[in-house]
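Asker: this one's structure only:
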């Protein structure tokens, strides 16, 4: 498979997984769980949370789109560094989900899958250099 298409697919799959991860967190609502964060402030997400969500969701989908259209060395480096940062995020988040947070099988399975996709993305980008 073409490396550009493979890279775009991995970014797209990560974006879908981030959305699914958020959806899984909201499932508690169906069972009467209060999913509000302890420091929730009257229904408004803090600017830092909005920025984080923008980076995680929007930039991931943007990387999928740009991976199809851009192929320069600068973009490759940016994409590679971004994938490594996401890889670290996914490793730490999976660890926290398994060892720190209340155990959730669906989250552990999804985060393990995300880690596998992220490893494949990073390896694909590394081989491309």
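Answerer: Happy to help now that I have it. What you see is a predicted model; the values in this text were computed from it and never measured.
Asker: Helix or strand, whichever it is, which one in the protein has the lowest mean pLDDT?
Answerer: helix 47-53 (a mean of 90; mean pLDDT, DSSP states H and E).
Asker: what's in contact with that helix?
Answerer: Residues outside helix 47-53 that contact it (CB atoms under 8 Å, 6 or more residues apart in numbering): residue 45. C-beta: built from backbone N, CA, C; applies to glycine.
Asker: What's the mean pLDDT across the very next helix or strand once past it?
Answerer: Using DSSP states H and E, the helix or strand that follows helix 47-53 in sequence is helix 60-69. Taken as a whole, helix 60-69 carries a mean pLDDT of 96.
Asker: Which elements pack onto helix 60-69?
Answerer: Packing partners of helix 60-69 (3 or more CB pairs under 8 Å, 6 or more residues apart in numbering; DSSP states H and E): helix 3-26, helix 73-99.
Asker: May I see the ones you listed arranged in TSV, with distance to residue 118 as well?
Answerer: As requested, the helices and strands packed on helix 60-69 are exported to TSV (distance: least, CB to CB, whole Å):
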stretch	distance to residue 118
helix 3-26	6
helix 73-99	5
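Asker: mind putting those in a markdown table, distance to residue 46, mean neighbour count and mean pLDDT included?
Answerer: Converted to a markdown table, the helices and strands packed on helix 60-69 look like this (distance: least, CB to CB, whole Å; neighbours: other CB atoms under 10 Å; pLDDT from 0 to 100):
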| stretch | distance to residue 46 | mean neighbour count | mean pLDDT |
| --- | --- | --- | --- |
| helix 3-26 | 16 | 17 | 94 |
| helix 73-99 | 19 | 15 | 94 |
